Each structure stands twice: as structure tokens, then as C-alpha cells.
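In: Need a 3D model of the following:
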Amino acid sequence: MTIGWNDNSPIYRQLKDRVIGMMLDGALKAGDPLPSVRQIAAEYQLNPITVSKAYQELVDDNLVEKRRGIGMYVTEGASEKLLASERERFLREEWPAMLERIRRLGLDIDQLLREPAGGDK
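Out: Numbering: from 1, shown residues only. The predicted structure is shown next:
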């Protein structure tokens with residue numbers, strides 16, 4: 001799998017966001033191990049310090065725990081915690097702008113719910 005990194009944010013943050021996405025999607029569940037820092041660094045041609053920084057932020061957020069000598073594991077309740085914080089962030093940061101755009105375009109809720117993505121019928 002090839003990952004295209006973008007220049008909009010630091011790579012460690014993009015890596016962290018990808019791991020968070022895997023947790024939200026259910027690809028990583030409570031108790032699952034994360035790939036080792038060396039494995040990720042080699043696979044994606046990253047500096048191991050970059051991978052370590054992403055993993056450390058996940059530890060700091062209590063989404064991952066270090067188990068001395070055996071690796072990093074997804075913590076119990078990580079998915080639920082992430083889902084709650086992502087929902088709150090969406091409602092606080094993204095929804096107001098989206099709602100304003102909906103109003104500006106004159107769309108109503110019935111139209112939004114029946115229209116398929118991209119306007120295809």
C-alpha cells in the first residue's frame with residue numbers, strides 16, 4: 001500500500017490521523033497491537049523518530065498503551081473515546097460551515113436526504 005503524504009501538515013500528524021482513522025473504522029480494535037516503529041519506518045520510508053512521535057501522541061491521548069518489551073496496543077475504550085471527540089469536533093468546527101453553505105445554496109433537508117452523492121440519479 002502506498003501512502004501519499006501531503007505538505008499541509010507534518011508527517012507524524014498524518015500518520016497519527018491514519019491510525020485514528022483505522023480505529024474509527026474498526027480496523028484496529030481494543031487490544032490490537034500497532035505495527036512496530038521500525039516496521040512502519042521501513043515500509044513507508046520514514047524516519048523512525050517521525051513514527052515514534054506519532055505513536056507518542058497516541059499514548060499521550062490514552063488511545064494506545066506501551067507494553068514494555070512487547071510493543072504498543074490499542075487501549076480499551078479508544079474507539080468510543082475517539083468517536084465522541086470526533087462527533088463533538090464535527091459539530092463545533094465543521095457543521096456550522098456546512099450548515100451555512102446549505103442555507104446559502106437554498107437546499108432543504110428533504111432534498112439533501114433524497115439526493116445521491118454527486119447528484120447522480
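In: which one in the protein is furthest away from the centre?
Out: In the chain, the residue that sits farthest from the middle, by Cα atoms, centre = their mean, is residue 106; the gap is 31.8 Å.
In: Can you tell me how far it is from residue 95?
Out: 18 Å (Cβ to Cβ, to the nearest Å). Just so you know, the C-beta spots here come from the backbone N, C-alpha and C atoms, and that holds for glycine as well.
In: which ones are touching the residue farthest from the centre of the chain?
Out: Neighbouring residues of residue 106 by Cβ atoms under 8 Å, 6 or more residues apart in numbering: there are none.
In: For it, what are phi and psi?
Out: Backbone dihedrals for residue 106, given as degrees, to the nearest 10, come out at phi 70, psi 30.
In: From residue 112, how far out is it?
Out: Distance of residue 106 to residue 112, given as Cβ to Cβ: 11 Å.
In: Can you give the distance of the lengthiest helix in the chain from its chain's centre?
Out: Counting residues, the longest helix found in the chain (DSSP state H) is helix 11-25. Distance of helix 11-25 from its chain centroid, counting by Cα atoms, centre = their mean, to the nearest Å, is 4 Å.
In: after it, next one along is what?
Out: Heading C-terminal from helix 11-25, the first helix or strand you meet, by DSSP states H and E, is helix 37-43.
In: In the helix or strand just after that following helix, which residues are buried?
Out: Next in sequence after helix 37-43, counting helices and strands by DSSP H and E, comes helix 48-60. Buried residues in helix 48-60, counted by 16 or more other Cβ atoms under 10 Å: 50-51, 53-55, 57-58.
In: Would you map out the domains in the protein?
Out: 11-76, 79-119 (automatic domain parsing).
In: Please tell me how far the residue nearest to residue 32 when sequence neighbours are not counted sits from residue 4.
Out: Leaving aside its sequence neighbours, residue 32 sits nearest to residue 74 (Cβ to Cβ, 6 or more residues apart in numbering; 4.9 Å). According to Cβ to Cβ, residue 74 stands 25 Å off from residue 4.
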